[in-house]
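Asker: sequence and predicted structure, then a few things I'm wondering about:
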Amino acid sequence: MIPLTEIAQTLVRSTLKPGDIAIDATVGNGFDTQFLAESVGPTGTVYGFDIQLAAVQATSRRLADACLNNVHLLERDHAEMQSAIPREFHGRVSAIMWNLGYLPGGDKQLTTALQSTLAAIQSGLVLLAGGGIMTIIAYTGHPGGFEETAAVEALLRGLNPHEYLFTEPSPAPNRISPPRLFVVRRCIG
Ligand SMILES: C[S@@+](CC[C@H](N)C(=O)[O-])C[C@H]1O[C@@H](n2cnc3c(N)ncnc32)[C@H](O)[C@@H]1O
């Protein structure tokens, strides 16, 4: 089976162009941040959010090793995304990626939390450009993960279908506690 992280990147890659603005809402070890930075190129800009200094530091090293200097890394809650992103970019963000849960190799108690995740996604919906894409990978196996996943799904399924197109491109058949990939595209016009 193709990992959901890879499916998410493939979908985002087909949307992003050089010069675009993108957001990694959960930087972690920086794999998606690096992917976004390479996809938008030197004329584009990426904003990355994580509440853990260790994640910001690991990602900063990864970006430096790859000679990428088009990323603003913020040690901030993604729920603050709307105030952290300059106003001129509101409604102009081409891609936003979430990979919920805990930092791999880090403290498993420090996970994303339902209320701030929902607030962040709601902000992301406002920031997204027409034709833009949002990907959310949610995990049901850790404490609170099932409830967070269910709340995110309910929020996304309730979006106005004339404004946002919700899909789950790769639902896991018959698995206990499967990770889920949710995708939202903002309609043009
Ligand atoms: C599964 S990891 C992300 C993996 C990352 N996409 C990568 O490519 O390595 C989830 C991350 O979300 C971060 N996180 C948890 N709550 C957060 C919040 N409220 N705002 C921003 N990041 C948060 C955690 O610190 C953790 O690093």
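Answerer: Done, it's in. Numbers count the residues shown, from 1 in each chain.

Asker: close to the ligand: what parts of this protein are there?
Answerer: For the chain, the contact set with the ligand under CB under 6 Å from any ligand atom comprises 26, 28-32, 49-52, 55, 77-78, 99, 101, 103, 110, 112, 116. Bear in mind the C-beta positions are built from the backbone N, C-alpha and C, glycine included.

Asker: go with 8 Å
Answerer: When proximity is defined as CB under 8 Å from any ligand atom, the chain approaches the ligand at 5, 24-33, 35, 49-52, 54-55, 59, 76-79, 97, 99-104, 106, 110-113, 116-117, 120, 137, 139.

Asker: so what does the most centrally placed residue in the chain look like in phi/psi?
Answerer: In the chain, the residue lying closest to the centroid (CA atoms, centre = their mean) is M97, at 1.8 Å. Backbone torsions of M97, given as degrees, to the nearest 10, read phi -120, psi 140.

Asker: please apply the same query to G105.
Answerer: According to degrees, to the nearest 10, G105 has phi 80, psi 0.

Asker: can you check L128 too?
Answerer: Per-residue torsions, L128: phi -60, psi 140 (degrees, to the nearest 10).

Asker: please begin residue numbering at 43 from this point
Answerer: New numbering, starting at 43: the last item is L170.

Asker: who are the contact partners of the residue nearest to the centre of the chain?
Answerer: Applying CB atoms under 8 Å, 6 or more residues apart in numbering to M139 gives the contacts A50, V54, A64, I65, D66, A67, T68, D74, L78, M176, T177.

Asker: quick one, phi psi at the last one?
Answerer: Comment: the main-chain dihedrals of T177 come out as phi -120, psi 140, following degrees, to the nearest 10.

Asker: all strands of this protein, in order?
Answerer: Using DSSP state E, the strands of the chain run over residues 63-66, 87-91, 113-116, 135-141, 170-180, 206-209, 222-228.
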